[in-house]
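Sequence and computational prediction follow.
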Amino acid sequence: MTMRAVVQRGFGGTEQLSVQELPDPTPGEGEVLVRVAAAAVDRGTVHLLTGLPYIARPYVGMRAPRFPVVGRDVSGTVAAIGPGVTGYAVGDRVLGTADGSCAELAVVPVTRMVHLPEGLDPVTSAALPISGLTALQGLAKAHRGDGVRPGDAVLVIGASGGVGSYAVQLAAAAGAEVTGVASAAKADMVRDLGASRVLDYAAGPLDDGTRYDLVLVAGGTHRLRDLRRLLVRDGTLVLAGGESENRLTAGAHRQLLAMLWSPFVPQQLLGLMSRESGEDLAALVEHVAAGRLRPAVDRTFSLPQTPEALEELIAGRVRGKAVITV
């Protein structure tokens, strides 16, 4: 038996992508086979496509893609159960992360998936895992790991993107006073997500005298010293994203510098690499089911349109997540 999948031949642009027929995958120990309803792609998928920054090559593949099938976020139904799996049955609706989700079938480890409750749309939910986990785990770093508290002042830079839009909603749900940084055109959207203030990223420096308990960076190229000035004395800076033209490190150089600088200053300066955790994904699904969190879907595309979706992401015409329906 075969399935359709979007395959990446090498590193580069969308010319490296094609829809191919591949043998149906087989789940191994602790894995399930998911019949995909929807997958999602974002700026992280673009990095996997281009193989940039070079600092990521040990993970994404040195000379060829380590994960030839595109995509990680996935929703669908269980098609087959691997050895040692309990708690799931064929036909269950699930949400998780796969090492290749833009396909008709995907193998998902049970440690990286959860049941998708009835009433939650699998298409919009597909935009939740990677970006939602990054936001959730970033906010959990506040107060030396105790998390965001009611009344905290939280600044989210890149508030209209995938990670940022989740961070605004989750911080507001925790009772924080949230300031979002976004374009003027996205200001109303960010307020609707729960921000009490929105700063225009193009209007100049962010330092208006306000000091924050947590600054979560999901975009932009602000200097580390400028970000640190925005914090209260015992505040936390979490660098979860950001882009630059540097092909070696892109925005990752700030994360490395933050970790080196943090032991010598009263604030906590952190780079964040999110974990694909089923336990944390269950917390996100609970927030969605309770109405505290809305998945951030910008546009939807069909499986053969995956290269077009990535072109739109590269061009900046899609903010946050593009969902691929299968």
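Right, received. Where do you want to start? Numbers count the residues shown, from 1 in each chain.

all contacts plus neighbour counts: C-alpha atoms, from now on.
Fine.

Nearest the geometric middle of this protein, what residue?
Centroid check for the chain by CA atoms, centre = their mean gives S131 as the closest residue, at 1.9 Å.

So what touches the host helix or strand of that one?
Per DSSP states H and E, S131 falls inside helix 129-139. Residues outside helix 129-139 that contact it (CA atoms under 8 Å, 6 or more residues apart in numbering): 72-74, 95-97, 147-148, 162-164, 166-167, 170-171, 214, 216, 238, 240, 272-277, 280-281, 284.

likewise stretch 99-110?
So stretch 99-110 is in contact with 3-6, 24-27, 30-40, 67-74, 85, 96-98, 278, 303, 306, 324, 326, going by CA under 8 Å, 6+ apart.

send the alpha carbons of it over as PDB?
Output of stretch 99-110 as PDB, limited to C-alpha atoms (Å, rounded to 0.1, in the frame of the first residue of the first chain):
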ATOM      1  CA  ASP A  99       8.600  13.500  11.900                       C
ATOM      2  CA  GLY A 100       6.700  14.300   8.700                       C
ATOM      3  CA  SER A 101       3.000  15.200   8.800                       C
ATOM      4  CA  CYS A 102       2.200  16.600   5.300                       C
ATOM      5  CA  ALA A 103       1.200  13.100   4.200                       C
ATOM      6  CA  GLU A 104      -1.900  10.900   4.200                       C
ATOM      7  CA  LEU A 105      -0.400   8.800   7.000                       C
ATOM      8  CA  ALA A 106       2.100   9.700   9.800                       C
ATOM      9  CA  VAL A 107       3.800   7.800  12.600                       C
ATOM     10  CA  VAL A 108       3.400   9.600  16.000                       C
ATOM     11  CA  PRO A 109       5.000   8.500  19.300                       C
ATOM     12  CA  VAL A 110       2.500   8.300  22.100                       C
END
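
wait, R72 sits on A98?
Yes - the criterion here is CA atoms under 8 Å, and R72 meets it with A98 at 4.8 Å.

and the contacts of helix 129-139, which are buried?
For these, a neighbour count by 16 or more other CA atoms under 10 Å gives the buried set as 72-74, 95-97, 147-148, 162-164, 166-167, 170-171, 214, 216, 238, 240, 272, 274, 276-277, 280-281, 284.

Show me the residues you listed that map onto helices.
Within these, residues falling in helices by DSSP state H are 162-164, 166-167, 170-171, 280-281, 284.

Tabulate these (CSV), appending distance to F11 and pLDDT.
Converted to CSV, those look like this (distance: CA to CA, whole Å; pLDDT from 0 to 100):
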residue, distance to F11, pLDDT
G162, 24, 90
V163, 25, 94
G164, 27, 95
Y166, 30, 97
A167, 31, 98
L170, 35, 98
A171, 37, 98
D280, 31, 98
L281, 30, 98
L284, 32, 97
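
Return the member of those nearest to I314.
G162 (14.5 Å; CA to CA).

so the closest one sits right up against A296, yeah?
Yes - here G162 reaches A296: they are 6.0 Å apart, a contact under CA under 8 Å.

Common neighbours of these two, please.
If you check G162 and A296 against CA under 8 Å, 6+ apart, the residues they both contact are 320-321.

G241 - nearest residue in space that isn't next to it in sequence?
A218 (4.3 Å; CA to CA, 6 or more residues apart in numbering).

From what I see, that neighbour and G158 are in contact.
Yes - in this structure, A218 is within contact of G158 by CA under 8 Å, at 5.0 Å.

Identify the contacts common to those two.
With CA under 8 Å, 6+ apart as the test, A218 and G158 both reach G164.

Looking only at the helix or strand of the chain with the lowest mean pLDDT, what residues are buried by neighbour count?
The weakest-scoring helix or strand in the chain, judged by mean pLDDT, DSSP states H and E, is helix 57-60 (a mean of 76). Going by neighbour count (16+ other CA under 10 Å), the buried part of helix 57-60 is 57, 60.

circling back to that earlier point, selecting buried members of the contacts of stretch 99-110 in ChimeraX, what would you type?
ChimeraX command restricting those to the buried ones, with burial defined by 16+ other CA under 10 Å:
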select :4,5,6,24,27,31,32,33,34,35,36,37,38,39,40,67,68,69,70,71,72,73,74,96,97,98,278,303,306,324,326
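
Among the contacts of stretch 99-110, name the ones in strands.
Taking DSSP state E as the definition of strands, those contribute 3-6, 31-40, 73-74, 96-97, 324.

The protein: helices as residue ranges?
Counting by DSSP H, the chain has helices at residues 43-50, 57-60, 122-125, 129-139, 142-145, 162-173, 187-193, 224-228, 252-261, 278-289, 306-314.

Next, the contact list for G180, please.
Going by CA under 8 Å, 6+ apart, G180 touches 155-159, 168, 190, 195, 197-199.

Kindly state the beta-bridge partners for it.
V156, V198 (DSSP bridges).

Would you mind measuring from it to V215?
10 Å (CA to CA, to the nearest Å).

Residues in contact with both of the two, list them for me.
Common neighbours of G180 and V215 (CA under 8 Å, 6+ apart) are 155-157.

picking that back up, from the chain's centroid, how far away is the helix holding S131?
Relative to the centre of its chain, helix 129-139 is centred 6 Å away, using CA atoms, centre = their mean, to the nearest Å.
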